[in-house]
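Asks: fold the following and give me the result.
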Amino acid sequence: MKADINSSTPYIQSMVSCLSKVVDDGYKEDFVATKEGLESSSTRKLYGPNEVKVITSFRFEGFSDPHDSAVLYVLETSDGVKGTLIDGCGNLADPFVYKFILDVEARNEKVLIN
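Replies: Prediction:
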């Protein structure tokens with residue numbers, strides 16, 4: 001996603017407006033993290049951590065309840081599929097999302113170091 005840091009970014013104010021913006025930018029696929037990997041909702045194709053890149057992420061805090069928080073991950077796969085993955089925070093976090101994103105980040109660190 002290309003965001004102009006110097007301009008106003010009102011789409012970041014809410015999850016819905018941010019999601020709408022990233023979809024408009026071409027990140028249309030809905031991904032789901034499973035025990036087996038990252039799954040495309042439309043094709044059911046599974047991706048491993050070595051096939052996914054985190055483009056950016058946004059964290060949203062609940063206004064009235066700190067437990068009402070979420071993270072929006074903007075992702076791209078090695079075969080060019082662009083989409084999003086949403087996770088809760090704290091007690092509402094999905095352990096499959098957490099593990100998958102950690103594995104992706106660890107893989108990316110290895111690539112940068114080598």
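Asks: so where is the chain shaky, pLDDT-wise?
Replies: Residues of the chain meeting the criterion pLDDT under 70: 1-13, 62-68, 109-114.
Asks: check it and tell me which residue is nearest its centre.
Replies: Closest to where the C-alpha atoms of the chain average out (CA atoms, centre = their mean) is Tyr73, at 1.4 Å.
Asks: by contact count, what packs against the helix or strand harbouring it?
Replies: Per DSSP states H and E: Tyr73 is located in strand 70-77. In this structure, strand 70-77 makes packing contacts with helix 15-24, strand 52-60, strand 82-88, judged by 3 or more CB pairs under 8 Å, 6 or more residues apart in numbering; DSSP states H and E. Where C-beta positions appear, they are placed from N, C-alpha and C, glycine not excepted.
Asks: point out the most buried one among those.
Replies: strand 82-88 (a mean of 19; mean count of other CB atoms under 10 Å).
Asks: who touches it?
Replies: 15, 19, 22-23, 26-33, 38, 40, 69-76, 93-94, 97-98, 101 (CB atoms under 8 Å, 6 or more residues apart in numbering).
Asks: give me the distance from that strand to the chain's centre.
Replies: 4 Å (CA atoms, centre = their mean, to the nearest Å).
Asks: so what strands line up beside that strand?
Replies: In the sheet, strand 82-88 lines up against strand 29-33 (parallel), strand 70-77 (antiparallel) (DSSP bridges).
Asks: just put those strands in CSV and tack on distance to Phe58.
Replies: What follows is the strands paired with strand 82-88, written out as CSV (distance: least, CB to CB, whole Å):
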stretch, distance to Phe58
strand 29-33, 15
strand 70-77, 5
